[in-house]
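In: Let's see this in three dimensions:
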Amino acid sequence: MIGRLAAVGALVLGAALPGALGAAPGCAGKASVGGVAGGQSTSGGVGGSAGSGGQPAAGGGGATSSGGQGGAGAEAGSGAGEQGGYVECPDCCWDPPGPVWFEVDIVLVIDNSASMAPYIEAVQDSINKGLASILSNSGIDYRVIALTAHGKLNDQSVCIEAPLSSVPPGGCDPSNPGFPKLPGLNPPRFFHYSVDVGSHDAWCKIFETYDQPDKHFFTDHGWQEWLRPGAQKLFVLFGADGAGPCSGAGHDFDDGDGIAAGQQAAADFDAALLALDPQQFGEAKKRRYAWHSIVGIPPHESNPLGVWLPGDPLTEATCTLSPGTGYQALSVLTQALRAPLCDASSFDAVYAEITKKPEPEPIPCEFPYPPLLGSGVEVAPETTKVVYEPGGGGPPVEITQVGGPGECGPTNFYIDDQGTPGDHYDDSIVLCEQICGIVQADKNATLKFEFKCKPAAG
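Out: Down below sits the predicted model:
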């Protein structure tokens, strides 16, 4: 049996915000004793060559893609009389902490009030063209959820078309006789919860619609149904007015168009969102969301893109009806951008930011041990093999097992027995310090785990 752990290119392990993690793939694949599992990894860049003394040098970077689902392994060694009394491990039995894609769920919250009349067309065009193009070229696993009224521009509603939605290109032209009466959902990439977002009630509408059916019967459980637990949540608000006053779903918000009131309103919204669904949005010490604000502020004079960075102060200057100080403060709190609604050329800077991949974190050096595989079959810990494949090429390095940390050499690992001797439920596979450092320095490293199993009792 082979377990495979990859940290390749955009794949990250255990990344904190602003990155996001998706769920690891299913079982790592199967190999019989003496065989190697299917599945592939494509590595990019020019890596280091093997170092002296059998120590591998760190591989280079480069654009890479993850391994495929493990295929059928070689059939060598099957049948009775296997060497050492071990047997082939069952197929699909253990997943190490495996490769995870950078996933983002982008929630577009768009004001549909009359205040948006001068800007709504530019907002719609920027989504259908700019955001769609940036996402398609980003290489990330994205999902877009629109929270705004679907319809024609003349009533400040929004229509999203291909490639994001299933509405054909040009189908959202208000003069189109076949203008779509319903939003064009395009699972798994695009979803639209059609609701009228008023001048001041965007935050309240988020809570009111989170777990409630939409009017088109696309969801019985609110837009929460379309969120992915492993994805980073990135809100982008387009609004010409302030955050509140509004009341809804037990919450009251009002930024009063002032800085102090805006900071308090942002703190109130943040606390309410984290309490709403910690699995999706995180907790105060580790938020799983960011809030980008495209609001009624002027372009930042010293930023060529016109955007305001998290370290820039809140501003009460306006280019529309309101500076949206509550929205601004939430952007600062969540380390996100602010951009001027009155300057559509700044929107792409926000879109580029929300598709930016986080720096990959190193592969960990400790992994849970797979104890019982089903049908009474148990992994034989003494047969554990670990192989390091340098990300930039070069020969694979077998990391051999030793009895404990005191026996560690350049390319060794040991099994840390945390529980009852012979009971491996709490055990860990631990890379020794020297090889751990080499593997963690290689951003494109791949580790493979191989085990043999004890025959079922009886």
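
In: tell me, what residue is most central in this structure?
Out: Nearest residue to the geometric centre of the chain (CA atoms, centre = their mean): Glu103, 2.7 Å.

In: partners of it in the sheet?
Out: As for beta bridges, Glu103 partners with Asp141 under DSSP bridges.

In: Pull the number of nearby residues for Leu305.
Out: Using other CB atoms under 10 Å, Leu305 has 19 neighbouring residues. Placement of C-beta: from N, CA and C, glycine included.

In: and if you look at Gln263?
Out: Gln263, neighbours per other CB under 10 Å, totals 19.

In: quick one on the thing from earlier: for Ile127, see how far away the residue nearest to the centre of the chain is.
Out: 20 Å (CB to CB, to the nearest Å).

In: I'd guessed the residue nearest to the centre of the chain sits against Gly230; true?
Out: Yes: in this structure Glu103 lies within contact range of Gly230 using CB atoms under 8 Å: 5.8 Å.

In: quick one on the thing from earlier: so for the residue nearest to the centre of the chain, what's the pLDDT?
Out: Here, the pLDDT recorded for Glu103 equals 89.

In: helices or strands next to the helix or strand hosting Ile438 in the packing?
Out: Following DSSP states H and E, one finds Ile438 within helix 433-441. Helices and strands touching helix 433-441, by 3 or more CB pairs under 8 Å, 6 or more residues apart in numbering; DSSP states H and E, are strand 385-389.

In: where's the strand it packs on relative to the chain centroid, distance-wise?
Out: 27 Å (CA atoms, centre = their mean, to the nearest Å).

In: ok, now stretch 237-252?
Out: 27 Å.

In: and stretch 283-292, which residues are buried?
Out: The neighbour-count check on stretch 283-292 (16 or more other CB atoms under 10 Å) flags 287-292 as buried.

In: Next: stretch 249-268.
Out: By 16+ other CB under 10 Å, the buried positions in stretch 249-268 come out as 249, 251, 253-259, 261-266, 268.

In: so which of those comes closest to Ile438?
Out: Lowest distance from Ile438 to the buried residues of stretch 249-268 (CB to CB) belongs to Ala266, with 44.3 Å.

In: Distance check, that closest one against Ser166.
Out: Taken as CB to CB, the span from Ala266 to Ser166 is 35 Å.

In: now do Ala132
Out: For Ala132, the distance to Ser166 (CB to CB) stands at 13 Å.

In: next one: Asp416
Out: Taking CB to CB, one finds Asp416 at 52 Å from Ser166.

In: who touches the longest helix seen in the chain?
Out: When the chain is parsed with DSSP state H, its longest helix is helix 259-276. Contacts to helix 259-276, defined as CB atoms under 8 Å, 6 or more residues apart in numbering, come from residues 203, 206-207, 210, 242-244, 251-256, 281-284, 287, 289, 314, 316, 324-330, 332-334.

In: Low-confidence regions, the protein specifically.
Out: 1-84, 90-101, 358-361, 370-377, 418-426, 456-458 (pLDDT under 70).

In: Helices of this protein, start to end?
Out: Secondary structure of the chain (DSSP H): helices located at 120-125, 132-136, 202-209, 259-276, 278-281, 325-333, 347-354, 433-441.

In: okay, now the closest residue to Ala352 other than its chain neighbours: neighbour count?
Out: The shortest distance from Ala352 to any non-neighbouring residue, by CB to CB, 6 or more residues apart in numbering, is to Ile134 (6.1 Å). If you count neighbours by other CB under 10 Å, Ile134 ends up with 17.
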